[in-house]
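Visitor: Okay, predicted coordinates and the sequence, questions at the end:
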Amino acid sequence: MEPYKHLVQYYETDMMGVTHHANYIHWMEEARIAFLDRLGFPYTKMEAAGVISPVVEISCRYRRPCTFGDVISIFVKVESFSGVKMTLVYDMRGRSGETVCTARSEHTFTDRSGHILRLKRVLPAFCEAIENAMRDGSAASDEKEG
């Protein structure tokens, strides 16, 4: 699966000219939404089915700074999936393929009132798509950008 690409905007940088650390979290969300779209489960489709997926944990390890105009390729991989929780890992790379940030996000699946859902009952096709992505290594972070 192709990585999600993000062009670093001027407003995402700080007074030192590097990307502010909080922006990486936004990029993770952009890449996660694109990943779900590519799997055939746009987040809007999940919401229409009454499923929301709040973040319950997130972490980033910043390796190299990004600056205005950099193109960042974000590879998303499913690390684990139980039907109740899903953990994604992100490998963010610059143009030359160097890793600028590695990150993880853990999500649960709930209805709008916050009750945890078991997706195997609610969205079995989504579970199958995620399990296939895990098996196939879709969007695996060992791919290099050309």
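Guide: Sure thing, it's come through.
Visitor: could you point out the longest helix in the protein?
Guide: Across the chain, the longest stretch assigned as helix under DSSP state H is helix 23-39.
Visitor: any idea how far the residue nearest in space to the middle of the chain is from residue 67?
Guide: The central residue of the chain, meaning the one whose C-alpha is nearest the mean C-alpha position (CA atoms, centre = their mean), is residue 32 at 3.0 Å. The spacing between residue 32 and residue 67, counted by CB to CB, to the nearest Å, is 24 Å. Backbone N, C-alpha and C define where each C-beta goes, glycine included.
Visitor: cool, and residue 29?
Guide: As judged by CB to CB, residue 29 and residue 67 stand 21 Å apart.
Visitor: hmm, back to that, got a list of what the residue nearest to the centre of the chain touches?
Guide: With contacts defined as CB atoms under 8 Å, 6 or more residues apart in numbering, the neighbours of residue 32 are 76, 88, 105.
Visitor: Please state the offset of the longest helix of the chain from the chain centre?
Guide: On the basis of CA atoms, centre = their mean, to the nearest Å, helix 23-39 sits 4 Å off its chain's mean C-alpha point.
Visitor: same check, this time on stretch 63-73
Guide: 17 Å.
Visitor: Next, the distance between the ends of it.
Guide: End-to-end distance for stretch 63-73: 14 Å, by CA to CA, to the nearest Å.
Visitor: Would you mind pulling the contact partners of that stretch?
Guide: Where contact means CB under 8 Å, 6+ apart, the residues beyond stretch 63-73 that reach it are 3-10, 12-13, 17-19, 27, 92-95, 98-102, 145.
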